[in-house]
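Chemist: only geometry, no sequence info:
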DNA sequence: TAATCAGCTTTTTTT
DNA sequence: AAGCTGATTA
């Protein structure tokens, strides 16, 4: 068979990876080096030259989007449909494994996936049942504790007893939560992975069967794998070790949620000898952008080592703009944006990137003023919206009455007179009698223990859900959804709600019907589930796009994390200030600082033609106005790659701006020298800092100084020995 | 049960 | 600043 179409479009390194002999292969794929191309061509190569069936290939990604894209691209190359082939996310594939063998996994056939919101509620319930003080033990933190351990493969019983009573409390909650999940047949995201690993570890026959089935494994974004994911990969890839892992240690930006870059070096050790291929030729950015990005990332010590290069042109220099404040920064970005669009470029060829989402506001306001359409990424996705989750809960409860999370969610939504008191009684009964909330309610309604009002409220609820359940039988999925949103009272409830939000909510509910209509139920892919069950799982595993509507040509606004994997002709990397980027909370540890630097590297390498780096001398954040220092990442870029864009006449320059902004009387005399607002000062005890505020005059004058080490302090000028620098 | 208020925190996010 | 939480009030 002629496979030249698979190899010809590739460079040497790519070809080396695609045609690598069977065995463990690690592809170090730099930004923009064509790693998706390598993955897709590799699979096509396996199929076309080695006669491997697509059904024997397992391809794992992190996001549904990446999985869809990969499938589409391989189908394009091969020219036939890959229906039935296992290309999916870690979670999606583990879910499929568990559905196929619930008994081996010790799960009920009807197990339900908890998304993080559901998990939050369940953890909260565990806290309350154990009478743990929620003020002292924030649910979020406990949830974090549990997930961290599970991502590391540890369950509550693995955690040793300690002398530390605080830790013991956490473990107790963890254990209770696990019991709760097991009893109720609930599986959170981490559990999908851990349970699948344990199932395979404990069932040789099963594992063997999958070894037979999957002769080739491919992993994308390998640097983002956590401990359990790696364990799972090892398990499935042994003993044949026909595994290709593609990743970039320099783009590891999810350490904070359990990703282990070390897996890349472990891989060489655990699977060795490993064929390593470096993809260093970049097809995305100009030479200057690459050199700048390389210069920044070189400041990291723990690297596998890689140097991106391009055969393309140097391109423009990188523009650095030091803004007076965040509004000036925004104005600058918009000015440049208008220029760019004025030259005939599409708006969606430009992206504004920032470290934290709060920064988007200024840009949004200014873009709105300027009449430039924009899209902000992030925020709630479709299936995470409250109204959608409400509707799904009605569906679930009508479908299987014993789903406690669904019950809790909607028992009083819309309000029907079931208050906290009543609910507590229900929970109590459920706990004491080991019943589901639904069963407990049935019992309470039949007994005589509740006040009349509460009892009839519950009675109505039971009747409503039962009636809904009866109406669902024999309907198509989308009709079931339609019935639910109408007869649950949700539509009326949200219609009555005031504000613009109400309207969108009703629209979203209507859209849910469409989503159900679009959902294609595949008895093979969704083995072990019926259409409704599969749809509900789908909703948990794939949160969906930000909004249902189509997006016209819009300027793209997003956090740096969201930008990974994307590319734009023009990129504005904003807020390059110490304490913001790198973020304040990362400054303590060098490991965290290196992750921030990688984030910067990711941001810079998104740019194809033009890169702007901006920072603001004064930034209003959390309601405070602070003087800032330029990010260290800026100074890590060689000067010859940079053009300092100095203020266009309309905008004041650095120090002039500080002086202008400050009321002249805000500056204050200290002896014969003048202390300038925003100027650097030295204190004998606290060290160096920046003068931030001045209050009062003469002997009673007080100043606020932001010290590098000690943070903000108020000092009485007469007593503090401040020295201007 | 719902509305209101004071106090508190503040990255990044997929599944 | 703003959004969220817990507590208090109507």
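Modeler: Thanks, I have the structure now. Quick caveat, the model's predicted, so the values are computed rather than measured.

Chemist: got the residues of the stretch 601-725 of chain A near DNA strand B?
Modeler: Applying CB under 7 Å from any atom of the strand, we find that the stretch 601-725 of chain A lies next to DNA strand B at A:622, A:623. Yep, even glycine has a C-beta here, placed from its N, CA and C like the rest.

Chemist: which regions of the stretch 601-725 of chain A sit below the pLDDT cut-off?
Modeler: Scanning the stretch 601-725 of chain A for pLDDT under 70 picks out A:646-678, A:684-686, A:692-704, A:706-721.

Chemist: number of residues surrounding the closest residue to DNA strand C within it?
Modeler: Nearest residue of the stretch 601-725 of chain A to DNA strand C, counting by CB to the nearest atom of the strand: residue A:623, 2.8 Å away. Neighbour count for residue A:623, taken as other CB atoms under 10 Å: 5.

Chemist: same question for residue A:478.
Modeler: 18.

Chemist: now do the contacts for it.
Modeler: Neighbouring residues of residue A:478 by CB atoms under 8 Å, 6 or more residues apart in numbering: A:513, A:514, A:516, A:517.

Chemist: give me the pLDDT value at the third one.
Modeler: We note a pLDDT of 93 for residue A:516 in this prediction.

Chemist: what subset of the contacts of residue A:478 is buried?
Modeler: Neighbour-count burial (16 or more other CB atoms under 10 Å) applied to the contacts of residue A:478 gives A:513, A:516.

Chemist: just the contacts of residue A:478: which are in helices?
Modeler: A:513, A:514, A:516, A:517 (DSSP state H).

Chemist: how about those in a markdown table, adding distance to residue A:114?
Modeler: Shown next, in a markdown table, are the ones in helices among the contacts of residue A:478 (distance: CB to CB, whole Å):
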| residue | distance to residue A:114 |
| --- | --- |
| A:513 | 24 |
| A:514 | 25 |
| A:516 | 21 |
| A:517 | 26 |
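
Chemist: picking that back up, residue A:553: which of the contacts of residue A:478 is nearest?
Modeler: Nearest to residue A:553 among the contacts of residue A:478 is residue A:514, at 23.9 Å by CB to CB.

Chemist: tell me where the stretch 251-400 of chain A has helices.
Modeler: A:263-271, A:287-297, A:326-342, A:360-370, A:386-399 (DSSP state H, counting those that start in this stretch).

Chemist: would you mind putting those into CSV with distance to DNA strand C alongside?
Modeler: Below are those laid out as CSV (distance: least, CB to the nearest atom of the strand, whole Å):
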stretch, distance to DNA strand C
helix A:263-271, 34
helix A:287-297, 30
helix A:326-342, 12
helix A:360-370, 8
helix A:386-399, 10
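
Chemist: identify the residues contacting the residue of the stretch 601-725 of chain A closest to DNA strand C.
Modeler: If a contact means CB under 8 Å, 6+ apart, then residue A:623 has no contacts.

Chemist: near whatever residue of the stretch 401-550 of chain A ends up closest to DNA strand C, how many other residues are there?
Modeler: Distance from DNA strand C to each residue of the stretch 401-550 of chain A (CB to the nearest atom of the strand) is smallest for residue A:420, at 10.0 Å. Residues within reach of residue A:420, counting by other CB under 10 Å, total 8.

Chemist: ok, residue A:86 next?
Modeler: Number of residues near residue A:86 (other CB under 10 Å) recorded here: 21.

Chemist: so it is in contact with residue A:58, correct?
Modeler: Yes - shown here, residue A:86 and residue A:58 form a contact pair, counting by CB atoms under 8 Å, at 4.9 Å.

Chemist: who touches both of the two?
Modeler: A:93, A:214.

Chemist: so what's the residue lying closest to residue A:416 once chain neighbours are set aside up against?
Modeler: Setting aside the residues directly before and after it, residue A:416 is nearest to residue A:457 in space (CB to CB, 6 or more residues apart in numbering), at 5.6 Å. By CB under 8 Å, 6+ apart, the contact set of residue A:457 is A:416, A:417, A:418, A:422.

Chemist: what residues sit buried inside the helix or strand harbouring residue A:457?
Modeler: Using DSSP states H and E, residue A:457 sits in helix A:452-472. For helix A:452-472, a neighbour-count test (16+ other CB under 10 Å) marks A:454, A:455, A:457, A:458, A:459, A:461, A:462, A:464, A:465, A:468, A:472 as buried.

Chemist: mind listing what the first one touches?
Modeler: In other words, residue A:454. A:417, A:418, A:419, A:421, A:422, A:425.

Chemist: pick out whichever of those sits closest to DNA strand B.
Modeler: Among the contacts of residue A:454, and counting by CB to the nearest atom of the strand, the member closest to DNA strand B is residue A:419, at 1.4 Å.

Chemist: circling back: in CSV: the ones in helices among the contacts of residue A:478, plus distance to DNA strand C.
Modeler: Formatted as CSV, those follow (distance: CB to the nearest atom of the strand, whole Å):
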residue, distance to DNA strand C
A:513, 27
A:514, 27
A:516, 27
A:517, 31
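
Chemist: wait, which of the helices of the stretch 251-400 of chain A is closest to DNA strand B?
Modeler: Closest of these to DNA strand B is helix A:360-370, at 8.7 Å (criterion: CB to the nearest atom of the strand).

Chemist: between that closest one and helix A:326-342, what angle do the directions make?
Modeler: Orientation check (axes from the mean of the first three to the mean of the last three CA atoms, to 10 degrees): helix A:360-370 against helix A:326-342 gives 50 degrees.

Chemist: so where's the stretch 451-600 of chain A shaky on pLDDT?
Modeler: Applying pLDDT under 70 to the stretch 451-600 of chain A picks out residues A:497-501, A:545-551.

Chemist: try 50 this time
Modeler: Where the stretch 451-600 of chain A drops to pLDDT under 50, the residues are A:547-548.

Chemist: show me where it has its strands.
Modeler: All strands of the stretch 451-600 of chain A, identified by DSSP state E, counting those that start in this stretch, fall at A:555-559, A:568-573.

Chemist: compare the contacts of residue A:457 and tell me which is most surrounded.
Modeler: residue A:422 leads the contacts of residue A:457 on contacts (other CB under 10 Å) with 21 neighbours.

Chemist: mind checking pLDDT for that one?
Modeler: 84.

Chemist: which parts of chain A sit against DNA strand C?
Modeler: A:134, A:135, A:622, A:623.

Chemist: could you dump those to CSV with distance to residue A:345 and secondary structure?
Modeler: Converted to CSV, these look like this (distance: CB to CB, whole Å; DSSP: H, G, I helix; E, B strand; the rest coil):
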residue, distance to residue A:345, secondary structure
A:134, 51, coil
A:135, 52, coil
A:622, 35, coil
A:623, 37, coil
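
Chemist: from those, which would you call buried?
Modeler: The neighbour-count criterion (16+ other CB under 10 Å) marks none of the residues of chain A next to DNA strand C as buried.

Chemist: out of those, which is nearest to residue A:629?
Modeler: residue A:622 (17.7 Å).

Chemist: and the closest one, its phi and psi?
Modeler: For residue A:622, the backbone dihedrals (degrees, to the nearest 10) come out as phi 50, psi 40.
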